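Engineer: Take this sequence and fold it.
(chains A and B)
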There are 2 protein chains.
Amino acid sequence: MDEFSFINSIKQPYYRQSTLQKGIGDDAAVFRQTSNDIVTAVDTFVEGIHFAKKTMPAFYIGYRALAATLSDLAAMGANPAFYLVSIVIPKGWHEDDKLQEIFRGMDCLASKYGLDLIGGDTVSGLELTISITVIGYVQKNKARYRSLSKPGDIVFVTGTLGDSQAGLYILMNEGNYVNEEYFIQRHQTPIPRIDFVKSFANIKRIALNDISDGVASEAREIANESQVNIILNIEKIPMSKDFNQFPLHLQNKWKLFGGEDFEILGTVPVKNWPEIKMAGKQTNVQVTKIGYVDDEKKEGQVFLQESNQIYPLHKQGYTHLK
Amino acid sequence: MDEFSFINSIKQPYYRQSTLQKGIGDDAAVFRQTSNDIVTAVDTFVEGIHFAKKTMPAFYIGYRALAATLSDLAAMGANPAFYLVSIVIPKGWHEDDKLQEIFRGMDCLASKYGLDLIGGDTVSGLELTISITVIGYVQKNKARYRSLSKPGDIVFVTGTLGDSQAGLYILMNEGNYVNEEYFIQRHQTPIPRIDFVKSFANIKRIALNDISDGVASEAREIANESQVNIILNIEKIPMSKDFNQFPLHLQNKWKLFGGEDFEILGTVPVKNWPEIKMAGKQTNVQVTKIGYVDDEKKEGQVFLQESNQIYPLHKQGYTHLK
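Structural biologist: Numbering: from 1, shown residues only, chains lettered A, B, ... in the order given. A predicted model of the protein is given here:
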């Protein structure tokens, strides 16, 4: 299949976004957005680094790459509208169904959220590399920056943490596991929390971050950008019901540092906490309070609380407070 | 250098675009644009495919990749505002100055046009791969689509064609050449024709395409999208003054099919032709009439005219009309 036929094969038969003026088929795409702010991010995924043939069929490579990128928009409180895909294809691959499968996986997620594929580039190279640019809309001055956290805020997360890493573990280590399918699904088809963040669009101030690198690391980004101290209660971190089948040291590692769950970490004023809980109910997303922002100290630090002891979180993990 | 230090090293000390709300440092960038249409495109460049170590120092890899991507915006008549860079770095490369040089090359061009670097991703892989997303603005309903060509239009190009391929030839084949530096520069630091296209923003209808794949191929895209017949006069195609030092068969190949000159091909109503010539004068860009759009036939075809003979252009070159 030549490039022209390939582009035709992935071109949507119609576009879903009313703001789109021109999709695929010219030097660039054109859209118009006068009432909202525009949000954009890019993420890149390399085979062998971000995913492996063994654990990720082509359909899920596409699905998961787009899900991870959309998660960045969710973490801004934005509603996704468009995506552009640059793909480096190993030579000889053009004939393969696998390329179509990757795009089918992306389209599956895109159609769910009404996104349009409006551009991209397809080139040859040594290893499969997918770079996705996403564009979304958020109400003016309502982007949910990491810098918006304030002393006294409640710290919460969505869903359960560590499941994606548990799913990867199952895929890498043959064995008998309880609820195997659940964990694999959490790894291969994470759900960007778009509906959840949209449902509290009226909250004036809230800081959000998506959990791509583990809750500890994401909390540090918020603490740092907002110059506040965040205290996370390890015992409150939500885990799925069969998570305890895995070795305890892996449970602890995955839930704090595992990442790739693409859940949302947020800090919100106490007065808005009921709205967050309501948003969770409305969108069928579990919401758990896991800590708080220190009322007084503002050092940009994260602390972990466990059995009434408090440990400072260091960059490479955490060590006991002397 | 870890990822965090690297991001800090390429982060601009200040942003130039007043429409930017949030640059690098959160899950996504945010901007606001209520009065213009927004134009976006992505291009990807792989070492060994799109450029070679031998012919392209790191600074120029960055410069040229951004120039090529901005050329897509120029071909829409758009004014660039932002770019996002995804880069796959071969392992062990993090220490190297080369990475900084690539970003320096991009920044050199970006600062010239007032662009801001607002996002990206840096990952490890086997081969150097750069994927650039550009975002620009164009007056509402003034995007210069390929589909806007009409019977009777004048066909023109900017600059001289084939120079980039001549420069590559010089870099690949040691020898004595006249005006060597000029051709190498045309290959390594092409100029996206942004100022030129901006200077005729008032023209109501004009079809533009940038010459990334050779004028023949770009003309075919316009002919096809507009369903018009385009006649290109081979003898009118502008060449630089020392272009005739190269073998004749290469001259012919380069000027018609060579590409990567990133000049602009356009078709414009006869009445607006003086404005195009004026725009060229104002921005110091050579503009040459090289053909016309057939008054009657509308088959989406391109024809090449030479010594009063007309040849149809086929996909893989052109053959004599029987």
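Engineer: Can you report how many residues neighbour A:Arg16?
Structural biologist: The local packing of A:Arg16 (other CB atoms under 10 Å in any protein chain shown) involves 14 other residues. All C-beta spots, glycine's among them, are computed from the backbone N, C-alpha and C.
Engineer: Now for A:Val157: which residues touch it?
Structural biologist: Neighbour list for A:Val157: A:Ile211, A:Val215, A:Ile237, A:Pro238, A:Glu263, A:Ile264, A:Leu265, A:Gly266, A:Val287, A:Thr288, A:Ile290 [criterion: CB atoms under 8 Å, 6 or more residues apart in numbering or on different chains].
Engineer: Give me the subset of those residues that lies in strands.
Structural biologist: The strands, defined by DSSP state E, take in A:Ile264, A:Leu265, A:Gly266, A:Val287, A:Thr288, A:Ile290 from these.
Engineer: and chain B, which of the contacts of A:Val157 contact it?
Structural biologist: The subset of the contacts of A:Val157 within reach of chain B, counting by CB under 8 Å from any CB of the partner chain, is empty.
Engineer: and stretch A:189-202, is it in reach of chain B?
Structural biologist: No - under the criterion of CB under 8 Å from any CB, stretch A:189-202 makes no contact with chain B; the nearest approach is 11.1 Å.
Engineer: Quick check: buried residues in that stretch?
Structural biologist: Of all the residues in stretch A:189-202, those buried under the rule 16 or more other CB atoms under 10 Å in any protein chain shown are A:Thr189, A:Pro190, A:Ile191, A:Pro192, A:Arg193, A:Ile194, A:Asp195, A:Phe196, A:Val197, A:Ser199, A:Phe200.
Engineer: okay, how far is it across that stretch, tip to tip?
Structural biologist: Terminal residues of stretch A:189-202 lie 29 Å apart, using CA to CA, to the nearest Å.
Engineer: And the helices in the stretch 51-200 of chain A, which stretches?
Structural biologist: Under the criterion DSSP state H, counting those that start in this stretch, helices of the stretch 51-200 of chain A are mapped to A:58-74, A:97-113, A:163-172, A:180-188, A:194-198.
Engineer: should've said the stretch 201-322 of chain A
Structural biologist: Using DSSP H, counting those that start in this stretch, the helices of the stretch 201-322 of chain A run over residues A:215-226, A:248-253, A:273-283.
Engineer: Export those as JSON lines, with columns for mean pLDDT and mean neighbour count.
Structural biologist: Converted to JSON lines, the helices of the stretch 201-322 of chain A look like this (pLDDT from 0 to 100; neighbours: other CB atoms under 10 Å in any protein chain shown):
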{"stretch": "helix A:215-226", "mean pLDDT": "96", "mean neighbour count": "23"}
{"stretch": "helix A:248-253", "mean pLDDT": "94", "mean neighbour count": "14"}
{"stretch": "helix A:273-283", "mean pLDDT": "98", "mean neighbour count": "16"}
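Engineer: Spell out which helix or strand contains the closest residue to A:Ser111 other than its chain neighbours, please.
Structural biologist: Among residues not flanking A:Ser111 along the chain, A:Arg16 sits closest, at 7.8 Å (CB to CB, 6 or more residues apart in numbering or on different chains). Following DSSP states H and E, there is no helix or strand that holds A:Arg16.
Engineer: Using PDB, write down the CA coordinates of stretch A:152-167.
Structural biologist: Provided in PDB are the C-alpha atoms of stretch A:152-167 (Å, rounded to 0.1, in the frame of the first residue of the first chain):
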ATOM      1  CA  GLY A 152      -5.700  23.200  53.400                       C
ATOM      2  CA  ASP A 153      -6.800  21.500  50.100                       C
ATOM      3  CA  ILE A 154      -8.000  17.900  50.100                       C
ATOM      4  CA  VAL A 155      -5.800  15.500  48.000                       C
ATOM      5  CA  PHE A 156      -7.700  12.800  46.100                       C
ATOM      6  CA  VAL A 157      -7.200  10.200  43.400                       C
ATOM      7  CA  THR A 158      -9.600   8.500  41.000                       C
ATOM      8  CA  GLY A 159      -9.800   4.700  40.500                       C
ATOM      9  CA  THR A 160      -7.300   2.300  42.100                       C
ATOM     10  CA  LEU A 161      -3.600   2.500  41.700                       C
ATOM     11  CA  GLY A 162      -1.000   0.000  40.600                       C
ATOM     12  CA  ASP A 163      -3.300  -2.000  38.400                       C
ATOM     13  CA  SER A 164      -1.500  -1.200  35.100                       C
ATOM     14  CA  GLN A 165       1.800  -2.500  36.500                       C
ATOM     15  CA  ALA A 166       0.000  -5.600  37.900                       C
ATOM     16  CA  GLY A 167      -1.400  -6.200  34.400                       C
END
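Engineer: In it, which residues are buried?
Structural biologist: A:153-167.
Engineer: Which two among those are spaced furthest apart?
Structural biologist: Farthest pair in the buried residues of stretch A:152-167 (CB to CB) is A:Asp153 and A:Gly167. Separation: 31.1 Å.
Engineer: wait, A:Thr122 sits on A:Trp93?
Structural biologist: No - the criterion here is CB atoms under 8 Å, and A:Thr122 misses it with A:Trp93 at 10.4 Å.
Engineer: Give me the pLDDT for A:Gln33.
Structural biologist: Note on A:Gln33: pLDDT of 96.
Engineer: What are the phi and psi values at it?
Structural biologist: phi -150, psi 100 (degrees, to the nearest 10).
Engineer: and it, how many neighbours?
Structural biologist: Neighbours of A:Gln33 (other CB under 10 Å): 19.
Engineer: gap between it and A:Ile231?
Structural biologist: From A:Gln33 across to A:Ile231, the span is 39 Å (CB to CB, to the nearest Å).
Engineer: what do you get for A:Ala68?
Structural biologist: Using CB to CB, A:Ala68 is found at 28 Å from A:Ile231.
Engineer: repeat for A:Ala67
Structural biologist: 30 Å.
Engineer: From the buried residues of stretch A:152-167, pick the one nearest A:Gln12.
Structural biologist: Distances from A:Gln12 to the buried residues of stretch A:152-167, taken by CB to CB, are shortest for A:Ser164, at 29.2 Å.
Engineer: can I see the domain layout of chain A?
Structural biologist: Per automatic domain parsing, the structural domains of chain A span A:3-139, A:146-317.
Engineer: ok, A:Gly280 - contacts?
Structural biologist: By CB under 8 Å, 6+ apart, A:Gly280 lies in contact with A:Thr158, A:Phe196, A:Gln286, A:Val287.
Engineer: Mind checking if stretch A:129-143 is in reach of chain B?
Structural biologist: Yes - counting by CB under 8 Å from any CB, contacts between stretch A:129-143 and chain B involve A:Thr129, A:Ser131, A:Thr133, A:Val134, A:Ile135, A:Gly136, A:Val138, A:Lys140, A:Ala143.
Engineer: The second one against A:Thr44, yeah?
Structural biologist: Translated: A:Ser131. Yes - the criterion here is CB under 8 Å, and A:Ser131 meets it with A:Thr44 at 4.4 Å.
Engineer: who has more neighbours, the two?
Structural biologist: It is A:Ser131, of A:Ser131 and A:Thr44, that has more neighbours when counted by other CB under 10 Å, with 33 against 26.
Engineer: what residue ranges in the stretch 201-322 of chain A score low on pLDDT?
Structural biologist: Scanning the stretch 201-322 of chain A for pLDDT under 70 picks out the ranges A:315-322.
Engineer: my bad, the stretch 51-200 of chain A
Structural biologist: In the predicted model, the stretch 51-200 of chain A carries pLDDT under 70 at residues A:94-96.
Engineer: how about the residues of it that lie near chain B?
Structural biologist: So far as CB under 8 Å from any CB goes, the stretch 51-200 of chain A lies against chain B at A:72-73, A:75-76, A:78, A:82, A:84-88, A:118-121, A:123-127, A:129, A:131, A:133-136, A:138, A:140, A:143, A:145-147.
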